[in-house]
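In: sequence plus the predicted model coming up.
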Amino acid sequence: MAATLVSIGAEVRAPHRRPPRERRPGVATAPPAAENGPVSDLHEPILRWYDDHARELPWRGESASAWSVMVSEFMLQQTPVARVLPVHEQWLATWPTPADLAAEPAGEAVRAWGRLGYPRRALRLHAAATAIVAQHDGVVPADYDELVALPGVGDYTAAAIASFAYGRRHVVLDTNVRRVLARAVGGVEFPAPAVTRAERDVATGLLPEEDATAATWAVAVMELGALVCVATNPRCEACPLADACAWRAAGHPAYDGPPRKVQAWAGTDRQCRGRLLAVLRESDGPVHRSRLDAVWADEAQRLRSLAGLVTDGLVVPGDGETYALP
DNA sequence: AATCCGTGGCT
DNA sequence: TAGCCAAGGAT
């Protein structure tokens, strides 16, 4: 992947993204709180823990480009790290820059997406790459407002790219961070179904003042949520916040909020769409509709799902008898 | 604000 | 086993 760096020379490296092996003695990433933002019982333990336990992920390395970070953020939307790793590696090898991807038909992005799920993320990533070429000289923007204007980039992803790729100071509020703060600060097992004002205020209040420290704080809290303060069976015995956690102090009270929705799967349009798209993904060119008929028996649902895929731009109808990726 | 959108591993 | 869950976004 080193060869991919040539084209991203203009991008700024985030100072916190250094190899863990270069760890210095002490807590290099935790400056004195009094000089660097909010004083809390959480900062030093989390920053120290991250310094010792952060995973070495491809999009975190010193040599990772902002594009690599951006691709990872798209792929990680609702998809576990373990399944993203191989696809991300292949993706960056094939399309080292936004311009490389933008030069391809969108269907190639959908094909390369494979079985990561939610294939419209691939479509949006392709559209975002196209916009970056057209509007930002092919360079992933560092500015939140420019990022959030890109297809498929919402509040979380914009903040994550600005923070992780460029070391900027942003509240990065994902499901992991929300869970950590709900427990450590709020004293409850799970956050509300949607982000609340109070929740964002807490996260804002905890954000270190200095850019680089804020960026490290953001990724560190997220990592803690991903590895220790997990949704089920949290590893409290290994948590650096054990002594400061409000939820633990309260005796781990059970969740008593509104029921958390679980998506149905078997027999849904989403399953049908997945079957249909898999046929197209695994075929080189257009496929006859009989090939699609074969993978879903319920005709009404099959036609409805296919029409939805066409509406979404994931499938392009041919002469009336065939369908293909865009 | 509630719903829709894929997939697969884990308990 | 059948939920439960995973670095959300768009409408």
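Out: Yes, it's here.
In: quick check: the residue nearest to A:Gln77 when sequence neighbours are not counted vs A:Gly205, distance?
Out: In this structure, A:Gln77 finds its nearest non-sequential neighbour in A:Arg121, 6.0 Å apart by Cβ to Cβ, 6 or more residues apart in numbering. (C-beta placed from N, C-alpha, C; glycine too.) According to Cβ to Cβ, to the nearest Å, A:Arg121 stands 32 Å off from A:Gly205.
In: settle it for me: which of these two has more neighbours?
Out: For the pair A:Arg121 and A:Gly205, the greater number of neighbours falls to A:Arg121 (21 against 12), based on other Cβ atoms under 10 Å.
In: and A:Val316, what are its bridge partners?
Out: With DSSP bridges as the criterion, A:Val316 is bridged to A:Ala324.
In: related to what we said a few turns ago, hmm, who's touching the helix or strand containing the residue nearest to A:Gln77?
Out: Assigned by DSSP states H and E, A:Arg121 belongs to helix A:120-135. Residues outside helix A:120-135 that contact it (Cβ atoms under 8 Å, 6 or more residues apart in numbering) are A:70-71, A:74-75, A:77, A:95, A:98-99, A:101-102, A:104, A:106, A:109-110, A:112-113, A:116, A:138-141, A:150-153, A:312-314, A:326.
In: redo that, cut-off 6 Å
Out: Residues outside helix A:120-135 that contact it (Cβ atoms under 6 Å, 6 or more residues apart in numbering): A:74, A:98-99, A:101-102, A:106, A:109-110, A:113, A:150-152, A:312-313.
In: neighbour-wise, which of those leads?
Out: Neighbour counts for the contacts of helix A:120-135 peak at A:Pro98, which has 28 neighbours (criterion: other Cβ under 10 Å).
In: how about the contacts made by that one?
Out: A:Trp67, A:Ala129, A:Ile132, A:Val133, A:Gly138.
In: how about TSV for those residues, with neighbour count, pLDDT and distance to A:Leu276 added?
Out: Formatted as TSV, those follow (neighbours: other Cβ atoms under 10 Å; pLDDT from 0 to 100; distance: Cβ to Cβ, whole Å):
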residue	neighbour count	pLDDT	distance to A:Leu276
A:Trp67	29	98	30
A:Ala129	28	98	25
A:Ile132	25	98	30
A:Val133	18	98	30
A:Gly138	18	98	34
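In: identify, from these, the entry nearest to DNA strand B.
Out: A:Ala129 (18.9 Å; Cβ to the nearest atom of the strand).
In: the helices in the stretch 201-326 of chain A, which residues?
Out: A:211-227, A:246-249, A:269-281, A:289-293, A:299-312 (DSSP state H, counting those that start in this stretch).
In: and those helices: which comes nearest A:Ile161?
Out: Between A:Ile161 and those, the shortest separation by Cβ to Cβ is 11.1 Å, and it involves helix A:211-227.
In: do that closest one and DNA strand C meet?
Out: Yes - judged by Cβ under 7 Å from any atom of the strand, helix A:211-227 comes into contact with DNA strand C at A:Met222, A:Glu223, A:Gly225, A:Ala226.
In: and the last one, how many neighbours does it have?
Out: Look at A:Ala226: counted by other Cβ under 10 Å, it has 18 neighbours.
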